[in-house]
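Sequence first, then the predicted structure:
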Number of protein chains: 2
Amino acid sequence: MPRENREEHTKERILDSAEVLFAQKGYQAVSVREITSAARCNLAAVNYHFGKKENLYLEVFRSRWVPRATRIRESFRKALAGQDSLSPPKVVRALAQAFVEGPLSDEERLRHSQLMTREMTQPTGAFELVAQEVIQPFFKEFADTLRSVQTDEMGQEQMLLNTFSIFSMVLYFNFARVAVSRITGREYNTDFRARLVEQITQFSLQGLGVSEMEV
Amino acid sequence: MPRENREEHTKERILDSAEVLFAQKGYQAVSVREITSAARCNLAAVNYHFGKKENLYLEVFRSRWVPRATRIRESFRKALAGQDSLSPPKVVRALAQAFVEGPLSDEERLRHSQLMTREMTQPTGAFELVAQEVIQPFFKEFADTLRSVQTDEMGQEQMLLNTFSIFSMVLYFNFARVAVSRITGREYNTDFRARLVEQITQFSLQGLGVSEMEV
DNA sequence: GTTTGTATCAAACGATCGTTTGAATGTCAA
DNA sequence: TTGACATTCAAACGATCGTTTGATACAAAC
């Protein structure tokens, strides 16, 4: 690295700015000039470091989104590893906490959900990456963990749909903040996030047919 | 109307094409040329009939999205009006059916969810319209209906959060089709949609704490 | 038949887009 | 000190964007 660092490498600053802007506005709505301006570098830097805008978008998922998803997943694992014995309430609460309170800052969490929601509504090349490396494995891990502590017999499809039901709440309460805040009249502060974790946990446990309220 | 109709007025054809394209790609990703080309009319027609592109986007919500939301709402109402007596299972199933099977064609349902999801993730001027005229009232109507047939006492906030939990599933199973289909390995045909209605209904009822499986 | 108003059209406007260019600037090994 | 290489920069490229213009076609009113 010939040139000395100015706080952070240009390439990293571009990735940081790009992630924020892509999450906020979407791929098409963000111009290369907007990104390089926010990253305080020259316009040509994007093409020099990434070849073209589309590659930058993919690199945002590779170098920013996937690691963050991994942190969420590890947060979920550690919460379970610290337990003497597992139970459905513990597993579900660990998931809700990992996503809604979790290891991320509030801004990170918002960006994370926004980027994922974008790829789910209109998948680009990044969806393949996200689906194969993150969503599918995490989804399977959660479903398997839950099944292993579940007393009831449950078919494979039933288990998948239940997992989707839980994930739908987790994701929705993140990406639809505007609507949720507007209707409930509550801001997304620490208190309300804790309240949401409880809501997701309790609703899901009952949805799963777990009647006992063990914690 | 001086000029004779060619199948349908130009203005209506523009609205039809615009809705499809905006739902598929989002506002910024769709060009005026793309819309007018799909509507088989001149480029200047958008500015002649709507003033500017942004107004066309708003008009799509006013003249296409809102009426469709109204049809869903009426479908929900009629399903309940045809009953002798109401119960939580009936109310929840009516909602799930209205959204997942409902009065819309499958393409309409997809477009509807996509446009709503877009406004929820990054609200534009259309969000105010959608929130005030549709989402808030419908949300309130459903919550009130459910409360009126609910035996348990439940606080206002708890009721709202439960409603959100139900809506999150309804919306998620619509807009996240790609992910759902990929992981479950099932297409969104009539069978699977009926299966999803059952999933949403059963999961929600248990989530609401309704143990008896009355239909 | 002339006028009036609506609608459509091809063509062009200036602005902005993603990308490329070539020179300038820096670092490090020889 | 020199040469090779990596990085940054201002400037420009052609393409496409939303929008405007002025001409034209057409139906109804007078």
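Arrived safely.

Every contact and neighbour count from this point should use C-alpha atoms.
Will do.

if you go through chain A in chain order, where are the helices?
For chain A, helices defined by DSSP state H occupy the ranges A:10-25, A:32-38, A:45-50, A:53-60, A:66-81, A:88-100, A:106-121, A:125-130, A:136-149, A:156-175, A:177-184, A:190-207.

deepest of these, which one?
Comparing these by mean neighbour count (mean count of other C-alpha atoms under 10 Å in any protein chain shown), helix A:88-100 comes out on top with a mean of 23.

right, is that helix up against chain B?
No: Helix A:88-100 lies apart from chain B when judged by C-alpha under 8 Å from any C-alpha of the partner chain; the minimum separation is 13.1 Å.

For the lowest-mean-pLDDT helix or strand in chain A, output the C-alpha coordinates as CSV.
Least confident helix or strand, chain A: helix A:190-207 with a mean of 85, by mean pLDDT, DSSP states H and E. Only the C-alpha atoms of helix A:190-207 are listed here, as CSV (Å, rounded to 0.1, in the frame of the first residue of the first chain):
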residue,chain,number,x,y,z
THR,A,190,-34.1,0.4,23.9
ASP,A,191,-37.4,0.0,25.8
PHE,A,192,-39.4,-0.6,22.7
ARG,A,193,-36.9,-3.1,21.2
ALA,A,194,-37.0,-5.1,24.4
ARG,A,195,-40.8,-5.0,24.1
LEU,A,196,-40.6,-6.3,20.6
VAL,A,197,-38.4,-9.1,21.5
GLU,A,198,-41.0,-10.2,24.1
GLN,A,199,-43.8,-9.9,21.6
ILE,A,200,-42.0,-12.0,19.0
THR,A,201,-41.0,-14.6,21.6
GLN,A,202,-44.3,-15.0,23.2
PHE,A,203,-46.4,-14.8,20.0
SER,A,204,-44.1,-17.4,18.4
LEU,A,205,-44.0,-19.8,21.3
GLN,A,206,-47.7,-19.9,21.4
GLY,A,207,-47.8,-20.1,17.7
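
chain center to that helix, what's the gap?
Here the centre of helix A:190-207 is set off from its chain's centre by 17 Å, with C-alpha atoms, centre = their mean, to the nearest Å.

Any idea which of the helices of chain A gets closest to B:Ala126?
helix A:177-184 (13.0 Å; C-alpha to C-alpha).

rewinding a little: check which helices and strands the least confident helix or strand of chain A sits against.
helix A:88-100, helix A:156-175, helix B:156-175, helix B:190-207 (3 or more C-alpha pairs under 8 Å, 6 or more residues apart in numbering or on different chains; DSSP states H and E).

can I see the domain layout of chain A?
A:1-51, A:60-207 (automatic domain parsing).

export these to a markdown table and tack on distance to DNA strand C?
Putting the domains of chain A into a markdown table (distance: least, C-alpha to the nearest atom of the strand, whole Å) gives the following:
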| stretch | distance to DNA strand C |
| --- | --- |
| domain A:1-51 | 3 |
| domain A:60-207 | 14 |
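
that older thread, export the helices of chain A as a markdown table, with columns for distance to DNA strand D.
Below are those laid out as a markdown table (distance: least, C-alpha to the nearest atom of the strand, whole Å):
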| stretch | distance to DNA strand D |
| --- | --- |
| helix A:10-25 | 4 |
| helix A:32-38 | 9 |
| helix A:45-50 | 6 |
| helix A:53-60 | 13 |
| helix A:66-81 | 23 |
| helix A:88-100 | 35 |
| helix A:106-121 | 20 |
| helix A:125-130 | 20 |
| helix A:136-149 | 34 |
| helix A:156-175 | 26 |
| helix A:177-184 | 26 |
| helix A:190-207 | 38 |
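
a markdown table please, covering these and showing distance to B:Lys78.
What follows is the helices of chain A, written out as a markdown table (distance: least, C-alpha to C-alpha, whole Å):
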| stretch | distance to B:Lys78 |
| --- | --- |
| helix A:10-25 | 39 |
| helix A:32-38 | 50 |
| helix A:45-50 | 56 |
| helix A:53-60 | 46 |
| helix A:66-81 | 43 |
| helix A:88-100 | 36 |
| helix A:106-121 | 30 |
| helix A:125-130 | 39 |
| helix A:136-149 | 37 |
| helix A:156-175 | 26 |
| helix A:177-184 | 25 |
| helix A:190-207 | 27 |
